[in-house]
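J.: Below is the sequence, then the predicted model.
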Amino acid sequence: MLPSDQNATDQPKTNADGLLPPLPPREIPASSGMSFKKSLSQILPIVLYAVQVFLVLDADRGDMLWHFGSWYLFPAALFAYCYWRASVKFHAWQDIPPTKIGELAPGMVKVEGRARLLHDLVIPGTDTKAVLYLSKKYRHSDKHKRLVAATDSADNPFLLVDDTGSVMVDPREATIDYTKLVEVEGVPERRKIIVYSVSYIPEDQPLTVVGFARPLTDDQGNETPGRLVIGQSPSGNLPHTITDGSAVQGIYSRLYLALIVHVGLTLLTLVPLYIHYRVWQCF
């Protein structure tokens with residue numbers, strides 16, 4: 001249940017602007033699982049390439065094929081599998097037609113509109129209001145900075161509006177493209193400079209939201225007639241995304257980059273092998 005999934009008679013008092021009080025920020029790991037996966041996807045091909053070249057060039061011709069198969073074909077098969085899964089999600093994503101908010105029905109939806117505040121959410125340390133933010137706390141030393149903590153406001157849902165109505169958006173577990181960035185200086189700790197780097201989505205930002213529309217419920221699980229909230233798919237097969245453009249374009253951009261890296265490492269592998277076993281052996 002959402003923090004604000006309550007009937008109108010049970011909702012907390014609003015301020016002069018009609019906004020609900022903000023809920024406390026949610027602490028998230030300084031190095032989230034998503035960041036770890038992204039780092040691993042960048043480092044793993046390079047490590048595999050280095051080990052592959054070392055083993056192949058250090059082996060005789062008979063062992064070369066075994067090493068080439070184990071260290072090249074396995075990454076190639078893994079990449080092909082990941083590409084296939086992303087392609088399946090892309091086509092499923094692409095098949096979801098854009099829907100006006102006034103015509104929404106339960107199920108997977110793709111909605112375009114403008115973000116509106118539901119909670120009176122302000123970026124800590126500033127007067128800037130935001131519908132959603134991610135704050136990263138960095139500790140600066142003389143030459144380095146280290147991420148020591150991170151919080152976000154995902155427990156605070158917001159509204160998406162168009163010319164036909166409004167719908168609540170639950171940002172928890174969503175893939176989010178923040179559109180603005182601000183840095184806020186904090187209180188020094190241990191003689192180290194503290195800086196908060198805050199990514200956020202301002203009010204009235206045009207957004208495209210893809211997710212699962214479901215009925216709004218109260219504390220007892222009773223549905224609120226005529227009210228929907230967009231959140232994560234129950235099956236988790238399709239990602240819940242909040243972007244200022246096309247989430248599909250972002251996915252394909254990352255896939256294209258991965259493909260370029262894969263092809264580049266392949267060429268860097270084959271060329272030294274060819275030179276070593278076809279040219280160098282002739283002398």
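T.: That came through, no problem. Every value quoted in this text rests on a predicted model; they were computed, and no experiment measured them.

J.: use CA for all of it now, contacts and neighbours both
T.: Will do.

J.: Could you give the secondary structure assignment for the nearest residue to E185 once chain neighbours are set aside?
T.: Spatially, and ignoring its direct neighbours in sequence, E185 is nearest to V195 (4.5 Å; C-alpha to C-alpha, 6 or more residues apart in numbering). Using DSSP: H, G, I helix; E, B strand; the rest coil, the three-state assignment for V195 comes out as strand.

J.: Give me the contacts around stretch 175-184.
T.: Residues from elsewhere that reach stretch 175-184, judged by C-alpha atoms under 8 Å, 6 or more residues apart in numbering: 125-126, 133, 195-202, 239-244.

J.: whoops, I mixed them up, stretch 216-235
T.: 1, 5-7, 106, 108, 167-174, 210-215, 239-240.

J.: Buried by neighbour count: which residues of that stretch qualify?
T.: Burial within stretch 216-235, assessed by neighbour count using 16 or more other C-alpha atoms under 10 Å, is assigned to L216, T217, D218, E223, R227, L228, V229, I230, G231, Q232, S233.

J.: Pull out the CA atoms of the top strand by length along the chain and give them to me as PDB.
T.: For the chain, the strand that runs over the most residues, judged by DSSP state E, is strand 206-217. In PDB, the C-alpha atoms belonging to strand 206-217 read as follows (Å, rounded to 0.1, in the frame of the first residue of the first chain):
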ATOM      1  CA  PRO A 206       7.100  16.600 -18.900                       C
ATOM      2  CA  LEU A 207       7.400  12.800 -18.200                       C
ATOM      3  CA  THR A 208       6.700   9.500 -19.800                       C
ATOM      4  CA  VAL A 209       5.700   6.800 -17.300                       C
ATOM      5  CA  VAL A 210       5.500   3.100 -18.100                       C
ATOM      6  CA  GLY A 211       4.100   0.800 -15.400                       C
ATOM      7  CA  PHE A 212       1.300  -1.200 -14.100                       C
ATOM      8  CA  ALA A 213      -2.000   0.700 -13.400                       C
ATOM      9  CA  ARG A 214      -3.900  -0.700 -10.400                       C
ATOM     10  CA  PRO A 215      -6.700   0.500  -8.200                       C
ATOM     11  CA  LEU A 216      -5.900   2.700  -5.300                       C
ATOM     12  CA  THR A 217      -6.500   1.000  -2.000                       C
END
